[in-house]
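Student: Sequence below, structure please.
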Amino acid sequence: MKSKVISAGIWYTVGNMLIKGINFLSLPLFSRLLNTEEFGIYNVFVSYEAILYVIIGMAIHSSIRSANIKFKGNINEYTSSVSIIYLVNAMIMLFIALIFNKQLSKLLAFDKLIIVLLIFYSLGSALLSLYNNYISLEYSYKKYLLVSFFNSVGNVCISLVLILTIFKKKRDIGRIVGATSTICILAFFILCIMYKKAKPKINKSYWKFAVKYSIPIVPHGISQVLLAQFDRIMIRSIVGNAAAGIYSLAGNIMLILTIITDSISTAWSTWFYDQISENRIESINKRAKQLSFFFVVLTVGLLTISPELIIILGGKEYSAGQYVAIPMIVDAFILFIYNIIVSSEYYKNKTTYIMLGTMVAMVINLITNYVFISKYGFIAAAYTTLFSYMCYLILHIVISHKVVGFFVLELKFFLMELVIIILTAIFDLLFIRTFWLRVVVGISITIPIIAYLLKETKIYKKIL
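Tutor: Next up is the predicted model:
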């Protein structure tokens, strides 16, 4: 069993990197096929999908593991039954969209077709999450990789075909239709697989359990999405589609660090639970320090080359994104530290605190975005979002210390790392057009940290 878990963990991580890598590598292609305005429309569409996905799915996918214990031996029936909730929610959304299409078109600045596609895309995403959680019960990483690979490759290929043929004059629509059709085809086959194993039936006990378990998670989910995505929506509304496109492309550079964060945090949370249950605080502090220093190296490295990455990914048309990418990379560092710390709150089942912390940060982000985007333009959104994430992290540092009685990452090391990152970011902004100078400074900062990590053979093996 242990070898099966390890094997699944390795392949989930490798698969995630390869599949998300496909999306990342396709960026230069789409950023050149679509102009900044079209690129902005597509990315705002994806931002709205992230919000609607939470509403349609109601975070029911998160109940699968607990349902597998409560309804032992009936997980196929449970999954099949709760999928009907997704379909009902989507039908309700579709009904609202058709009845109030004029009002929604004005509110979202999308026509009726895109709003309908948005609902189908969100439904497909929600069903995909449900299925992935279902197959993870048996560590079926091959199925997970197959589904994810089809979604990523299909998304890119179908979009390209549509952009180059049917939607030559409406390339943003071609991109949206390509992404939506891929995930809808996938969702159709997922439903066929689930319904073959168990016929879809309305089961009150299944539905009651699913809704009761998942509803408290929805506000946290929506707040997280708003914190991460709403700046794009506000930029489009206040500045325009082109600005949203430049901002979105710069945001994709974060994806490099986000993939690594997701991979490390999954392993970290399991290890953290084992250590804290045996009260090994010193071991937790040591490992948190080592992992965070490792991430400092990655962050400094990405900060150093981020201006050049913007040009490679988007071209000169997106050059203003250089000033956006740097604070966004600092965001990624903040989120990594958050993932290290928040395990303590999950361990103590303090999910209400997690929700409140997210909601406070989200409100701060909405207010500061509205004030500063109107005054200083779309670049300001990157700095207001960074400020919001800082507030987010500080809140969770305080909450974590309160619930477990110690700092998961000792404050002196966190402050030292934060100073290194912020000073590097400021330096890179000041010398954004002087590549060689940024590289010299980046190497000078990272070499001592790498030397320290190499001495720590245990963490080196863990990272590998």
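Student: and residue 83, what helix or strand is that in?
Tutor: For residue 83, the host element (DSSP states H and E) is helix 75-99.
Student: what residues does that helix touch?
Tutor: Helix 75-99 is contacted from outside by 52, 55-58, 60, 63-64, 67-68, 71, 104, 112, 115-116, 119-120, 122-123, 126-127, 130, 134, 137, 191, 194-195, 197-203, 206-207, 210-211, using C-beta atoms under 8 Å, 6 or more residues apart in numbering. Every C-beta, even on glycine, is put in place using the N, C-alpha and C of the backbone.
Student: Flag every buried residue along the host helix or strand of residue 454.
Tutor: Residue 454 is part of helix 435-455 when elements are defined by DSSP H and E. Within helix 435-455, the residues scored as buried using 16 or more other C-beta atoms under 10 Å are 438, 441, 442, 445, 446, 449, 453.
Student: Equivalent analysis for stretch 297-312, please.
Tutor: 297-307, 309-310.
Student: Just the ones of those in helices?
Tutor: 297-307, 309-310 (DSSP state H).
Student: now, among these, which is nearest to residue 389?
Tutor: Checking these against residue 389 with C-beta to C-beta, the nearest one is residue 299 at 13.4 Å.
Student: Report the secondary structure element holding the closest residue to that closest one other than its chain neighbours.
Tutor: The spatial neighbour of residue 299 that comes closest, neighbours along the chain excluded (C-beta to C-beta, 6 or more residues apart in numbering), is residue 333 at 4.5 Å. Element membership for residue 333 (DSSP H and E) is helix 322-347.
Student: Measure how far the direction of the helix or strand following that helix deviates from that of helix 322-347, in degrees.
Tutor: As assigned by DSSP H and E, the chain's next helix or strand after helix 322-347 is helix 351-376. Orientation of helix 351-376 against helix 322-347 (axes from the mean of the first three to the mean of the last three C-alpha atoms, to 10 degrees) gives an angle of 170 degrees.
Student: For helix 351-376, name the packing helices and strands.
Tutor: Counting contacts by 3 or more C-beta pairs under 8 Å, 6 or more residues apart in numbering; DSSP states H and E, helix 351-376 is packed against helix 217-238, helix 322-347, helix 379-404.
Student: okay, those in a markdown table with mean neighbour count and mean pLDDT next?
Tutor: Converted to a markdown table, the helices and strands packed on helix 351-376 look like this (neighbours: other C-beta atoms under 10 Å; pLDDT from 0 to 100):
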| stretch | mean neighbour count | mean pLDDT |
| --- | --- | --- |
| helix 217-238 | 21 | 83 |
| helix 322-347 | 22 | 89 |
| helix 379-404 | 20 | 91 |
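Student: Between those helices, which one is closest to residue 433.
Tutor: helix 322-347 (9.0 Å).
Student: helices or strands up against that closest one?
Tutor: By 3+ C-beta pairs under 8 Å, 6+ apart, helix 322-347 packs against helix 241-251, helix 254-277, helix 281-314, helix 351-376, helix 379-404, helix 411-430.
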